[in-house]
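Undergrad: Model the structure of this input:
(2 chains)
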Amino acid sequence: MVVDQLREAELDRLFQAFADSTRRDIVRRVTVGEYSVSGLAALYAMSFAAVQKHVAVLERASLVTKEKRGREQIVRGNHEGLQKARRLLDEYEAIWRQRVDQIASILAEG
Amino acid sequence: MSVTGTTKNLEALSFILTAEFDAGVERVWQLWEDPRQLERWWGPPTWPATFEKFDFEPGGRAGYYMTGPEGEKAGGWWSFTSIQPPARLEFDDGFADDNGAPVEAMGSTHVTVTLEESSGRTTMTVATIFESEEQMEQMVQMGMEEGMTGAVGQIDAILAEHANA
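TA: Numbers count the residues shown, from 1 in each chain, chains lettered A, B, ... in the order given. Predicted structure coming up:
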């Protein structure tokens, strides 16, 4: 069911994107507000190029978007991409809601 | 509604569900402790679970499979890490192949169940920690492929059962 909605390659990119703590931190920040790549680079003890690579991974996974503004590259959260990841947890929730319903049904038998 | 709350944390790869049942804690504990009762609710209605092995003791293992409408099977295993009747149960939950052997590549989730009784009602909290997002996806797939299609029909079945009771 999930696979119907998300193509395999798309999923691989998503998992890869979330596997790194810096990338998770970038996602957290740009979901709340926009950052330039150089603004992000100032936050981490790594080179501008390294941060740019992280942003590129997130962009491929559709978790962020990047847009040129003058000499800056502005990074923003891609809410649609984030929602896909969230959907996995929503579906896991549905499994458990179903189990709880079944438990309640058994208990109702007395 | 039995489910009283859920907390999903994508970054922590965790899922916490809280439910309240109109039954004492000993009764709810039986649903986890007795494999015959457990298999009545662990699998989706169209994919009932069968527990072939159930060593309910710390360090013990359980083996089960779920059978689909076409006779297809999906296997799983549990490894009990902590059992404190009737309040707390912890186990690892993973996938098994057709012979019941753990599929290590697919990892496991860690599940912590706590039961608390108050005024004859029991609050059950189930916390699941996933190893990775990939694994979370596989878990969802195994439980869901079939599960959702049965969900609507199941609500009807429960309502019917209550109507007949």
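Undergrad: By proximity to chain A, which residue of chain B wins?
TA: Nearest residue of chain B to chain A (CB to the nearest CB) works out as B:Trp41 at 3.6 Å. To be clear about C-beta, it is placed using only N, CA and C from the backbone, and glycine gets the same treatment.
Undergrad: which secondary structure element contains the closest residue to B:Ala96 other than its chain neighbours?
TA: Distance criterion CB to CB, 6 or more residues apart in numbering or on different chains; nearest residue to B:Ala96, sequence neighbours excluded, is B:Gly75 at 3.5 Å. According to DSSP states H and E, B:Gly75 maps onto strand B:73-84.
Undergrad: partners of that strand, with directions?
TA: strand B:61-67 (antiparallel), strand B:88-96 (antiparallel) (DSSP bridges).
Undergrad: residues contacting residue 25?
TA: If you meant another chain, say so; for now it's chain A. A:Asp25 makes contacts with A:43-44, as judged by CB atoms under 8 Å, 6 or more residues apart in numbering or on different chains.
Undergrad: right idea, wrong chain: chain B
TA: By CB under 8 Å, 6+ apart, the residues touching B:Val25 are B:86-87, B:115-117, B:122.
Undergrad: can you map out the strands along the chain?
TA: No chain in the question, so chain A it is. Ranges of strands in chain A, per DSSP state E, are A:35-36, A:64-69, A:72-77.
Undergrad: that's the wrong chain, I wanted chain B
TA: B:3-9, B:14-21, B:49-54, B:61-67, B:73-84, B:88-96, B:108-118, B:121-129.
Undergrad: mean confidence score for the second one?
TA: When you say that, I think you mean strand B:14-21. On average, the pLDDT along strand B:14-21 is 87.
Undergrad: Would you mark the buried spots in that strand?
TA: B:14-21 (16 or more other CB atoms under 10 Å in any protein chain shown).
Undergrad: Equivalent analysis for the shortest one, please.
TA: Across strand B:49-54, burial judged by 16+ other CB under 10 Å covers B:49, B:51, B:54.
Undergrad: Next up, the contacts around the second one.
TA: Just to be clear, that refers to B:Phe51. B:35, B:38-39, B:62-64.
Undergrad: what number of residues lie near B:Trp29?
TA: B:Trp29 has 21 neighbours, counted by other CB atoms under 10 Å in any protein chain shown.
Undergrad: where along chain A do the helices fall?
TA: A:2-5, A:8-18, A:21-32, A:37-41, A:48-60, A:79-108 (DSSP state H).
Undergrad: Any chance of the ones you listed in TSV with mean pLDDT as columns?
TA: Converted to TSV, the helices of chain A look like this (pLDDT from 0 to 100):
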stretch	mean pLDDT
helix A:2-5	35
helix A:8-18	62
helix A:21-32	81
helix A:37-41	94
helix A:48-60	92
helix A:79-108	80
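Undergrad: Now do stretch A:67-74: distance from first to last residue.
TA: 5 Å (CA to CA, to the nearest Å).
Undergrad: and B:Gly75, what is it in contact with?
TA: Applying CB under 8 Å, 6+ apart, the residues contacting B:Gly75 are B:63-66, B:95-98, B:100.
Undergrad: mind redoing it with 10 Å?
TA: Counting by CB atoms under 10 Å, 6 or more residues apart in numbering or on different chains, B:Gly75 touches B:50, B:52, B:63-66, B:94-103, B:142.
Undergrad: And for the residue of chain A found nearest chain B, the neighbour number?
TA: Relative to chain B, the nearest point of chain A is A:Gln102 (3.6 Å; CB to the nearest CB). Applying other CB under 10 Å, we find 21 residues neighbouring A:Gln102.
Undergrad: Report the contact partners of the closest residue to it other than its chain neighbours.
TA: Once flanking residues are discounted, A:Gln102 sits nearest to B:Trp41: 3.6 Å by CB to CB, 6+ apart. Residues near B:Trp41 by CB under 10 Å, 6+ apart: A:98-107, B:31-32, B:48-49.
Undergrad: I'd assumed B:Arg88 was in contact with B:Phe115.
TA: No, residue B:115 isn't Phe; it's Leu. Yes: counting by CB atoms under 10 Å, B:Leu115 touches B:Arg88, with 7.3 Å between them.
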